[in-house]
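Asks: fold the following, please.
(one chain, ligands or ions: 3)
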Amino acid sequence: MSKVITITRPDDWHLHLRDGAALSAVLPDTVQRFGRAIVMPNLRPPVTNVELAAAYRERIVRVLPAGGSFDPLMTLYLTDRTSAEDIVRAKESGIVHGVKLYPAGATTNSDSGVTNLGHCVKALEAMEKHGIPLLVHAEVTDADIDVFDREKVFIDRNMVPLLERFQGLRVVFEHITTKDAADFVTQAPGRVAATITAHHLLMNRNAMFAGGMRPHHYCLPVLKREEHRESLVAAAISGSPKFFLGTDSAPHPKSAKEAACGCAGMYTAHAGIELYAEAFDAVGALDKLEGFSSFYGADFYGLPRNADQITLEKVEWNVPESLPFAGDELIPLRAGGVISWRLK
Ligand SMILES: NC(=O)N[C@@H](CC(=O)O)C(=O)O
Ligand SMILES: [Zn+2]
Ligand SMILES: [Zn+2]
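Replies: Numbers count the residues shown, from 1 in each chain. Ligands and ions are numbered 1, 2, ... in the order given. Below is the predicted model of the structure:
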């Protein structure tokens, strides 16, 4: 008999769905597994106001597989020009659940991001007042800071002063990758939470160089040392409601990944919950999977937990070498390899 677990349907609190044909290609993978997802706004051009968010939400809903009940939770892209009025209108819309801070130049499509948080005081005050969380890609961008240290340096230079200045602001430290971030969030007030990806739970930085350069294991924040991976696993299985699931599934065409200057991002939505089951099972903590995947994120965002369930079984399946992707190909995590849990 294979091991089987049934859990409340999970949600993905950090997801890139892209747009157009790419959106249509990847959306079914998420919808099969998750009830809702926080949809990242780093399109070109970025989703900077409620009209753009509503139109993007429409485009997502239009290509939803029939019969599903998936709810895309929209976000705004914070810029130096986001006003308090933009925030109030977002709140009133009921469709915007967070505002994303990308330090300018930190990651994919972040060139319209924030150059100086000092420009965002009015917007941040409005978010504090109206209870809209700030979702943070927490890396400094200074060229003189080692790429492996950018998250840690962001904590000291930006996160601490931000939380100090805006004492009521709710903050999600997105895709944490270091022991420093896990410890910081653990010790922070209850208004601070973090998402953790499956790939940062399963791999350390060796995975980028196993037998040669592995562009499909390159993402931001970049994979870190084993000691950091172990800290992330400890946080994820701790039972603390501050840590919850966010896949950061970030599809890029094969041609853009396998290039002289390859894009950052891993595609994991094809096994969006299965990979977490593997990571939790590996440390004998499957009993902690449901809280992390299905409860704590909803609780943090003030949304009801899902009412239905999914079942996972410990049966190996082969991941395709590639998936069709808007006239190109998409290389999923573990392409050509095996995943040890599957959705029933
Ligand atoms: N995680 C990534 O490596 N890439 C993301 C952007 C992001 O989440 O920083 C993307 O949009 O491709
Ligand atoms: Zn990011
Ligand atoms: Zn992301």
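
Asks: from now on I want contacts and neighbour counts done on CA atoms only, so please keep to that.
Replies: Noted.

Asks: partner residues bridging the residue nearest to R9 when sequence neighbours are not counted?
Replies: Nearest non-adjacent residue to R9, counting by C-alpha to C-alpha, 6 or more residues apart in numbering: Q309, 4.5 Å away. Assessed by DSSP bridges, Q309 has beta-bridge partners T8.

Asks: Q309: neighbour count?
Replies: Neighbour count of Q309, defined by other C-alpha atoms under 10 Å: 14.

Asks: and for the one 4 residues further on?
Replies: Residue crowding around E313 was assessed by other C-alpha under 10 Å; the count is 18.

Asks: same deal with the one 4 residues further on?
Replies: For W317, the neighbour count with other C-alpha under 10 Å is 12.

Asks: is it in contact with I339, as I believe?
Replies: Yes - contact status for W317 versus I339: in contact at 5.6 Å, counting by C-alpha atoms under 8 Å.

Asks: just to revisit the earlier point, tell me the confidence at the residue nearest to R9?
Replies: Q309 carries a pLDDT value of 98.

Asks: show me what contacts it?
Replies: Going by C-alpha atoms under 8 Å, 6 or more residues apart in numbering, Q309 touches 6-9.

Asks: how about a cut-off of 10 Å?
Replies: 6-10, 33-35, 294 (C-alpha atoms under 10 Å, 6 or more residues apart in numbering).

Asks: over to H175?
Replies: Under the criterion of C-alpha under 10 Å, 6+ apart, the neighbours of H175 are 13-14, 136-138, 181, 194-200, 220-221, 244-248.

Asks: ok, now P215?
Replies: 207-209, 254, 256-266.

Asks: where does the closest residue to I95 other than its chain neighbours fall, secondary structure wise?
Replies: Using C-alpha to C-alpha, 6+ apart and skipping the chain neighbours, the partner closest in space to I95 is M74 (5.9 Å). In this assignment (DSSP states H and E), M74 forms part of strand 71-77.

Asks: and the next element down the chain from that strand?
Replies: helix 84-93.

Asks: whichever helix or strand comes after that following helix vs helix 84-93, what angle?
Replies: The element immediately downstream of helix 84-93 (helix or strand, assigned by DSSP H and E) is strand 96-101. Counting by axes from the mean of the first three to the mean of the last three C-alpha atoms, to 10 degrees, strand 96-101 lies at 150 degrees to helix 84-93.

Asks: just checking: what are the partner strands of strand 96-101?
Replies: strand 71-77 (parallel), strand 134-136 (parallel).

Asks: and which of the contacts of Q309 is nearest ligand 1?
Replies: F34 (18.6 Å; C-alpha to the nearest ligand atom).

Asks: pLDDT weak spots in the protein?
Replies: Nowhere does the chain drop to pLDDT under 70.

Asks: point out the residues in it that sit beside ligand 1.
Replies: 16, 107-108, 219-220, 248, 250, 264-265 (C-alpha under 6 Å from any ligand atom).

Asks: distance-wise, check the residue nearest to R9 relative to ligand 1.
Replies: Counting by C-alpha to the nearest ligand atom, to the nearest Å, the separation of Q309 from ligand 1 is 28 Å.

Asks: same thing with M1?
Replies: From M1 to ligand 1 the distance is 37 Å (C-alpha to the nearest ligand atom).
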